[in-house]
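Trainee: Model the following, please.
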Amino acid sequence: MNQKELKELIEFLIEKDIAEFELERGDVKVRIKRGGGSSAAPDTRYFAVHSAPPVTPEMATTPAVPVVATTAPAPTQEAAPVVEENLHIVRSPIVGTFYEAPSPGAPPFVKPGDMVEAGQVLCIVEAMKLMNEIESDVAGEVVKKLVTNGQPIEYGQELFAVRQRT
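Mentor: The predicted structure follows:
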């Protein structure tokens, strides 16, 4: 089951107001459970995908675990896309929570204006209590941080714009 099929399934379950759903297809098991009720707390969907073989290189380093996503819209960047020469966009390889520093109260790993080397840690993305260090894949200057500390992020979401060294 790919990400598009999973998204369509979740949208269908929301549309039909189905609170809990489980599907097993071969070695893939999907369980979706939606919480509801209180208007003070956002409606939450829980889903887990368990698969025997790793699907992507990123998944090979972290086990398949339940992922929590909220139905509340994620904060979007309304700013115009960065369209400058030699800008490289560092994207999130996983779904999780973005943290700019190694611990609360500590200075951020990087801030706009900092020079970074390839392989240097830019941030942490937490996924199910696992802290995943996200490294720069290019050397250059951090031009812009595109997300806020503690923000939930999606796979492939833009995190930093880096002006590559020439």
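Trainee: from here on, contacts and neighbour counts on C-alpha atoms
Mentor: Noted.
Trainee: Can you show me the CA trace of the host helix or strand of residue 133 as PDB?
Mentor: Assigned by DSSP states H and E, residue 133 falls within strand 130-135. Presented in PDB, the C-alpha positions along strand 130-135 are these (Å, rounded to 0.1, in the frame of the first residue of the first chain):
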ATOM      1  CA  LEU A 130      13.300   8.300  17.900                       C
ATOM      2  CA  MET A 131      15.500  11.400  17.400                       C
ATOM      3  CA  ASN A 132      16.700  11.400  13.800                       C
ATOM      4  CA  GLU A 133      19.500  13.800  13.000                       C
ATOM      5  CA  ILE A 134      19.000  15.500   9.600                       C
ATOM      6  CA  GLU A 135      22.300  16.400   7.900                       C
END
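Trainee: Contacts for it, please.
Mentor: Outside strand 130-135, the residues that touch it by CA atoms under 8 Å, 6 or more residues apart in numbering are 92, 118, 119, 120, 121, 122, 123, 124, 125, 126.
Trainee: what about dumping the CA coordinates of whichever helix or strand comes after it to CSV?
Mentor: Proceeding N to C from strand 130-135, the next assigned helix or strand is strand 140-145, under DSSP H and E. Presented in CSV, the C-alpha positions along strand 140-145 are these (Å, rounded to 0.1, in the frame of the first residue of the first chain):
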residue,chain,number,x,y,z
GLY,A,140,27.2,26.4,1.9
GLU,A,141,25.3,29.1,3.7
VAL,A,142,22.0,28.5,5.4
VAL,A,143,19.7,31.2,3.8
LYS,A,144,16.4,30.4,5.4
LYS,A,145,14.8,28.0,7.9
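Trainee: re the thing from before, which among the contacts of strand 130-135 end up buried?
Mentor: For the contacts of strand 130-135, a burial check counting by 16 or more other CA atoms under 10 Å picks out 92, 120, 121, 122, 123, 124, 125, 126.
Trainee: Return the subset of those residues lying in strands.
Mentor: Of the buried ones among the contacts of strand 130-135, the ones assigned to strands by DSSP state E are 121, 122, 123, 124, 125, 126.
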